[in-house]
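Task: produce atomic coordinates for the following.
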Amino acid sequence: MGHKKFRILAVSSALIVSACSFSEDSLWPSLTGEDPAATTEQAQAAQPAAGQQAQAGQQTAQPAAANQAPAPGQPALGTGNFVPTGVTPGAPTGTFVGKKVVELRDELQRLQGNIAQQNAELQKLRGQLVGNARRYHGTIAAVNARLQVGTTPGNPILVQQFKSAQADLSRVAQDVSEMNQLAGSIGSSSTMSAFLSESAKSAFAISGAIDEDHRQLAILEDEVNRTDVLIDRLLTEVSGDVRRQTNYVTTEQANLNLMSAGIKSGEIYGGSLMNVAMANAGGGMQVSAGAPVSTANRRPLVVIRFDRNDVPYQQALYNAVSRVLEKRPDAVFDLVAVAPAAGGQARVALNSNKARRQAEGVLRSLIEMGLPPARVAVAARTSAESRTNEVHLFIR
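Predicted structure coming up:
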């Protein structure tokens with residue numbers, strides 16, 4: 001049954017790209033010499049909402065303004081605004097324990113000051129992330145809009161916009177890096193909070209204390225515990241933001257690589273093939289094609305006939321492989337260079353070398369489209385039925 005489904009898929013997806021026989025012209029955008037519109041959406045990062053005092057060590061529910069309208073395609077950022085509740089003052093008692101309480105109270109005030117600064121830094125970084133992501137998506141939207149209707153290969157205006165998008169995405173990556181450093185700083189605050197908690201508990205066992213010392217110690221211990229809970233929530237939210245935004249940047253970098261190939265050819269492809277596979281698999285995959293397998297009696301997914309120079313096979317190739325990965329995210333492929341067997345030994349050798357170079361070009365196109373090299377096994381053969389060099393792509 002599985003074999004039958006495979007044959008149906010292969011039959012329905014098989015494409016023949018030929019300079020003289022390909023008839024579905026509607027698949028290919030017309031190429032013109034007109035200058036595309038160079039306007040790029042400009043968006044200003046919204047300022048984070050001002051933090052309000054938290055209730056008894058809990059984070060405020062008020063979201064930062066920048067997080068209310070994330071850029072299209074950007075994962076949501078956390079909305080917590082983490083403000084410490086402050087430290088209750090106390091009068092010195094003159095005892096050794098009383099002096100210890102004063103020291104611990106000063107340490108807690110410094111710790112809460114650090115937390116307030118870390119919270120302010122978090123809100124600032126969130127605003128920067130949204131602003132940079134908006135500029136990035138505005139730029140790539142302008143490029144994709146022009147590629148959608150067709151343009152000249154290597155259009156210099158699109159090349160410039162592409163460089164601008166790269167810079168915007170680099171700024172997003174830098175924001176994520178700074179947020180990751182912030183998570184490390186918050187981790188240090190968490191360590192300090194744990195130390196203060198243990199110190200407050202230990203102070204109860206010190207002899208020579210009066211009732212007022214223990215009353216102030218109890219208040220201090222409660223405030224340390226509430227601060228510790230606040231830090232834990234802050235660290236959890238920042239870590240979640242870092243994880244999601246890191247994955248987002250990685251995905252967009254793959255999409256930019258594919259866009260670069262699209263600008264080179266003047267056509268729009270879509271999302272990176274690896275992103276297509278990951279989205280349909282719902283998780284990470286480690287798949288390798290390994291050594292080529294026999295292609296005898298197998299129908300190719302794509303046949304590219306190199307019967308003239310500059311055969312425009314990329315769009316059809318992308319569409320075919322993308323459809324396969326949507327249904328089989330773990331699919332691997334065999335790429336076979338096929339040379340005619342006629343014309344004598346010297347002619348066969350020349351055609352075989354040329355077919356291998358053409359297969360290498362197809363492999364480079366697949367890699368630019370986002371397909372990992374480990375997913376493709378490359379082989380070569382001759383065929384008595386072929387009249388021109390061909391490259392065949394098979395699905396395992």
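
Could you use CA atoms for every contact and neighbour count after this?
OK.

Where does pLDDT dip in the stretch 151-300 of the chain?
Residues of the stretch 151-300 of the chain meeting the criterion pLDDT under 70: 275, 277-289.

how does it look with 90?
By pLDDT under 90, the weakly predicted segments of the stretch 151-300 of the chain are 151-154, 247, 250-251, 253-298.

What segments of it are helices?
Along the stretch 151-300 of the chain, the segments classed as helices by DSSP state H, counting those that start in this stretch run 156-203, 211-265, 273-281.

what angle do the first one and helix 211-265 make?
Angular relation of helix 156-203 and helix 211-265 on a 0 to 180 degree scale: 160 degrees, by axes from the mean of the first three to the mean of the last three C-alpha atoms, to 10 degrees.

re earlier: and the helices of the stretch 151-300 of the chain: which comes nearest residue 142?
helix 156-203 (8.2 Å; C-alpha to C-alpha).

Put together TSV for the helices of the stretch 151-300 of the chain, with mean neighbour count and distance to residue 75 on each row.
Shown next, in TSV, are the helices of the stretch 151-300 of the chain (neighbours: other C-alpha atoms under 10 Å; distance: least, C-alpha to C-alpha, whole Å):
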stretch	mean neighbour count	distance to residue 75
helix 156-203	18	12
helix 211-265	19	6
helix 273-281	20	14
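
Can you lay out those as JSON lines showing distance to residue 336?
Listed next are the helices of the stretch 151-300 of the chain as JSON lines, based on distance: least, C-alpha to C-alpha, whole Å:
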{"stretch": "helix 156-203", "distance to residue 336": "33"}
{"stretch": "helix 211-265", "distance to residue 336": "22"}
{"stretch": "helix 273-281", "distance to residue 336": "20"}
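
Looking at those, which is nearest to residue 86?
Of the helices of the stretch 151-300 of the chain, the one closest to residue 86 (C-alpha to C-alpha) turns out to be helix 211-265, at 8.2 Å.

by contact count, what packs against the closest one?
Under the contact criterion of 3 or more C-alpha pairs under 8 Å, 6 or more residues apart in numbering; DSSP states H and E, helix 211-265 touches helix 96-149, helix 156-203, helix 273-281, helix 345-368.

Tell me which of those sits nearest to residue 387.
Evaluated with C-alpha to C-alpha, the helices and strands packed on helix 211-265 place helix 345-368 nearest to residue 387, the distance being 10.7 Å.

Give the other helices and strands that that closest one contacts.
Helix 345-368 is packed against helix 211-265, strand 333-340, strand 376-383, strand 390-395, with contacts defined by 3+ C-alpha pairs under 8 Å, 6+ apart.

Can you tell me which of those is nearest to residue 202?
When those are compared for distance to residue 202 using C-alpha to C-alpha, the nearest one is helix 211-265, at 10.2 Å.

Residue 292: which of the helices and strands packed on helix 211-265 is closest?
Nearest of the helices and strands packed on helix 211-265 to residue 292, taken as C-alpha to C-alpha: helix 345-368 at 13.9 Å.

Next, the buried residues of that closest one.
348-349, 351-352, 354-356, 358-360, 362-363, 365-368 (16 or more other C-alpha atoms under 10 Å).

Quick one: residues in contact with that helix.
With contact meaning C-alpha atoms under 8 Å, 6 or more residues apart in numbering, helix 345-368 is reached by 257-258, 261, 314, 318, 335-342, 373, 376, 378, 380-382, 389-391.

Now the buried members of the residues you listed.
The neighbour-count test (16+ other C-alpha under 10 Å) applied to the contacts of helix 345-368 identifies 257-258, 261, 314, 318, 335-342, 373, 376, 378, 380, 382, 389-391 as buried.

buried set for stretch 134-150?
Neighbour-count burial for stretch 134-150, counted by 16+ other C-alpha under 10 Å, picks out 134-140, 142-144, 146-150.

could you give the mean pLDDT of that stretch?
Average pLDDT, stretch 134-150: 89.

quick one on the thing from earlier: nearest to residue 292, of the helices and strands packed on helix 345-368?
Closest among the helices and strands packed on helix 345-368, using C-alpha to C-alpha: strand 376-383, at 5.1 Å.

Domain ranges for the chain, per the record?
Per the record, the chain has its domains at 2-28+272-395, 65-265, by automatic domain parsing.

Which residue of this structure lies farthest from its centroid?
The C-alpha centroid of the chain is most remote from residue 208, which lies 59.5 Å away (C-alpha atoms, centre = their mean).

any idea how far residue 94 is from it?
Shown here: residue 208 relative to residue 94, a distance of 11 Å by C-alpha to C-alpha, to the nearest Å.

Please report how far residue 320 lies from residue 256.
20 Å.

could you dump stretch 70-80 to CSV, C-alpha only?
What follows is stretch 70-80, C-alpha atoms only, in CSV (Å, rounded to 0.1, in the frame of the first residue of the first chain):
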residue,chain,number,x,y,z
PRO,A,70,4.6,42.1,17.0
ALA,A,71,5.9,41.9,13.5
PRO,A,72,4.1,39.4,11.2
GLY,A,73,5.8,36.1,11.5
GLN,A,74,7.7,37.0,14.7
PRO,A,75,7.0,34.9,17.7
ALA,A,76,5.2,36.6,20.6
LEU,A,77,7.4,38.1,23.3
GLY,A,78,6.5,37.8,27.0
THR,A,79,4.4,40.5,28.5
GLY,A,80,5.5,40.5,32.1
